[in-house]
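A.B. asks: Sequence and predicted model, in that order:
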Amino acid sequence: NAGVTQTPKFQVLKTGQSMTLQCAQDMNHEYMSWYRQDPGMGLRLIHYSVGAGITDQGEVPNGYNVSRSTTEDFPLRLLSAAPSQTSVYFCASSFPKSSGANVLTFGAGSRLTVL
Amino acid sequence: GDSVTQMEGPVTLSEEAFLTINCTYTATGYPSLFWYVQYPGEGLQLLLKATKADDKGSNKGFEATYRKETTSFHLEKGSVQVSDSAVYFCALSDVGTALIFGKGTTLSVSS
């Protein structure tokens, strides 16, 4: 049981480049989300999804796109990277709140540097 | 909107010392409360949770009690170990909302 798998673990981009952070989970979780972690800011929600075909914005969605074509995968796309997007990104998943369990399982993180 | 405020760190303790990390929250409803821990180089993992007032969550010697009257969920441990060195996040989840985290408190325990 792999849990939540994020790739790549490290990435360096130049300003203006695009890339996709991959996230996959094998726990049949309906809820998936992306957070960014910055020093002194804690974790801030970027986008989330409550099921395949459904996505919504979190606290800091600008500059990021997501899609959810399958239950297992929830990629995060940066269309034109900016230095302000230098951060550590975490993908997390859970069963929906209605099931009585809302404990997030986190991936190990992807450290992105934009030069 | 809902929010979580936790004490700023870093918190530096000697092994076997008593630990308290304060956490207070603001919510319009009746949220569930959580403590997550992040060890160096890893993602977050659940430490403990409480889903209603007066519940006590506990795990690995850590405890926290959901205090509705003071809107608090302080994390405590009677005797910390070097292996407890990590970043601790308080979080809440209300009906229909995503998990909201505090800014995190870094704990450093020396032998």
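C.D. replies: On my side now, so go ahead.

A.B. asks: For the rest of this, base every contact and every neighbour count on C-alpha atoms.
C.D. replies: OK.

A.B. asks: Which residues are in contact with residue A:87?
C.D. replies: Residues near residue A:87 by Cα atoms under 8 Å, 6 or more residues apart in numbering or on different chains: A:36-38, A:111-113.

A.B. asks: Of those, which belong to strands?
C.D. replies: Mapping the contacts of residue A:87 onto strands (DSSP state E) picks out A:36-38, A:111-113.

A.B. asks: Next, format the residues you listed as TSV and append distance to residue A:77.
C.D. replies: TSV is the format used below for the ones in strands among the contacts of residue A:87 (distance: Cα to Cα, whole Å):
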residue	distance to residue A:77
A:36	13
A:37	17
A:38	18
A:111	14
A:112	12
A:113	15
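
A.B. asks: hmm, which of the residues you listed are the buried ones?
C.D. replies: Burial by neighbour count, 16 or more other Cα atoms under 10 Å in any protein chain shown: within those this picks out A:36-37, A:111-113.

A.B. asks: contacting residues around the residue of chain A found nearest chain B?
C.D. replies: Using Cα to the nearest Cα, the closest approach of chain A to chain B is made by residue A:42 at 3.7 Å. Residues near residue A:42 by Cα under 8 Å, 6+ apart: B:89, B:101-104.

A.B. asks: low pLDDT regions in the chain?
C.D. replies: Since no chain was named, I'll use chain A. Low-confidence segments of chain A (pLDDT under 70): A:1, A:97-102.

A.B. asks: hmm, I had chain B in mind actually
C.D. replies: B:95-97.

A.B. asks: and it, which residues reach chain A?
C.D. replies: Residues of chain B lying close to chain A (Cα under 8 Å from any Cα of the partner chain) are B:41-46, B:89, B:93, B:95-96, B:100-104.

A.B. asks: For the residue of chain B found nearest chain A, give its distance to residue A:65.
C.D. replies: Per Cα to the nearest Cα, residue B:103 is where chain B lies closest to chain A, at 3.7 Å. Noted for residue B:103: a distance of 24 Å to residue A:65, by Cα to Cα, to the nearest Å.

A.B. asks: Report the buried members of the residues of chain B next to chain A.
C.D. replies: Applying a neighbour-count criterion of 16+ other Cα under 10 Å, the buried members of the residues of chain B next to chain A are B:43-46, B:89, B:93, B:100-104.

A.B. asks: so how far is residue B:64 from the residue nearest the centre of chain A?
C.D. replies: Among the residues of chain A, the one closest to the centroid is residue A:34, at 2.7 Å (Cα atoms, centre = their mean). Distance of residue A:34 to residue B:64, given as Cα to Cα: 27 Å.

A.B. asks: re the thing from before, inside strands: which ones of the contacts of residue A:42?
C.D. replies: Judged by DSSP E, the subset of the contacts of residue A:42 located in strands is B:89, B:101.

A.B. asks: ok, which pair from the contacts of residue A:42 is furthest apart?
C.D. replies: The most widely separated members of the contacts of residue A:42, counting by Cα to Cα, are B:101 and B:104 (7.9 Å).

A.B. asks: follow-up on the earlier one: adding distance to residue B:37 as columns, could you present the buried ones among the residues of chain B next to chain A in TSV?
C.D. replies: Converted to TSV, those look like this (distance: Cα to Cα, whole Å):
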residue	distance to residue B:37
B:43	8
B:44	5
B:45	5
B:46	6
B:89	6
B:93	16
B:100	15
B:101	12
B:102	12
B:103	12
B:104	9
